[in-house]
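> Starting from these lines, generate the structure:
(chains A and B)
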Amino acid sequence: MADDVYKIQEKKITPDALYNAVLADSDGAVTTFAGVVRDNTKGRGTSYLVYDAYRDMAKKKMREIGDEIKEKWEVDCVGILHRVGRLEIGEISVLIAISSPHRKASLEACHYAIDRLKQTVPIWKKEVWTDGGEAWIEGDPSALASR
Amino acid sequence: MNIKVLFFASCRDLIGTGEREMTLPDGATITALISKLASEQARFTDMAPSLMVSVNQAYVERDAVLQDGDEVAFIPPVSGG
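Below you'll find the model as predicted:
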C-alpha cells in the first residue's frame, strides 16, 4: 500500500503527478480527476486565475476527505494536489488520484472527493478577465453547512 | 489574551492585511472578535454573515470561546477546485 498524498503547491501540476504515488501491486484501478483552467466564465473571457489557500488547514481538510473516503469505499490510496498562485488557461488547478482493488470504488470516491473539496477546503479562486476586470469568486455559502 | 487572526481572499482585501495579532478580553467569543473588527472597518459588518470561522484549523460556530494563542481565520465561501 502506498502513502496518501495531500499537497498545496506553486509548482505546475502534470496529469501523471500522482499516478505512481497511489498505485500498488494489489490495485486494479486508478481514477484520476484534473480540474483545468477554462478560458471563459459564462462567456466572459478569462485571462488567467490566481488561487489562494489557507495552506495548513487546506491540507488538513483534504486529509479529512481522504479519511471520509476510506470509511465509505474500499480504496487503497488517495492523492490530492491543489495549485496556488497564478495559473494560465489549460493548466491543472487540482489533481485527484485514487487507487482501489476494483474500479467502482475509485470512480465513485473520486467524484466524491472533488465535490467535497469544493465544499470544505479553504482555497479561493480569483478570476482575471480579458476585459481587465477581476474578482475573488465565492462558492455556495450553503455548501459550508456540510463542512 | 492575544490571538492571531488570518484573513483570506476578499476578506484580506477588505481588511488590508492577511494576518493580525489582536488582544481581546479573556472569555471573548468569535462574535466579540467580529464586533471588534467591525468597529474598525464598517464594511466588515456586511461581509461577516457570509464568512466561516476556524479556530486552530477547525470550523467553529460564532459562540466559540477563544483562548490565548489561538489562530483564528475568517474564511469566505470557498472556491477551490
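> for chain B, what spans make up the strands?
Assigned by DSSP state E, chain B shows strands spanning B:2-7, B:19-23, B:52-55, B:58-60, B:71-75.
> which strand residues sit across from residue 52 in the sheet?
Answering for chain A, as no chain was given. On the basis of DSSP bridges, A:Asp52 takes part in beta bridges with A:Trp124.
> look at chain B instead
Beta bridges link B:Met52 to B:Ile75 when assigned by DSSP bridges.
> Isn't it up against B:Val72?
No - using C-beta atoms under 8 Å, B:Met52 makes no contact with B:Val72, being 11.3 Å away. Any C-beta I mention is one placed from the backbone N, CA and C, and that applies to glycine too.
> Now do B:Ala64 against chain A, distance only.
Per C-beta to the nearest C-beta, to the nearest Å, B:Ala64 is found 14 Å from chain A.
> was I right about that residue contacting B:Val55?
Yes - the pair B:Ala64 / B:Val55 is scored as a contact, 5.9 Å apart, by C-beta under 8 Å.
> Mutual contacts of the two, please.
With contacts defined as C-beta atoms under 8 Å, 6 or more residues apart in numbering or on different chains, the residues shared by B:Ala64 and B:Val55 are B:Ile30.
> quick one: buried residues of stretch A:58-75?
A:Ala58, A:Lys59, A:Lys60, A:Lys61, A:Met62, A:Glu64, A:Ile65, A:Gly66, A:Glu68, A:Ile69, A:Trp73, A:Val75 (16 or more other C-beta atoms under 10 Å in any protein chain shown).
> show me the contacts for residue 49.
Going with chain A. Counting by C-beta under 8 Å, 6+ apart, A:Leu49 has contacts A:Val37, A:Arg86, A:Leu87, A:Ser93, A:Lys125, A:Lys126, A:Glu127, A:Val128.
> now, which of the residues you listed lie close to chain B?
Filtering those for proximity to chain B by C-beta under 8 Å from any C-beta of the partner chain leaves A:Ser93, A:Lys125, A:Lys126.
> Filter those residues down to the buried ones.
Here, 16+ other C-beta under 10 Å leaves A:Ser93, A:Lys125, A:Lys126 buried among the ones next to chain B among the contacts of A:Leu49.
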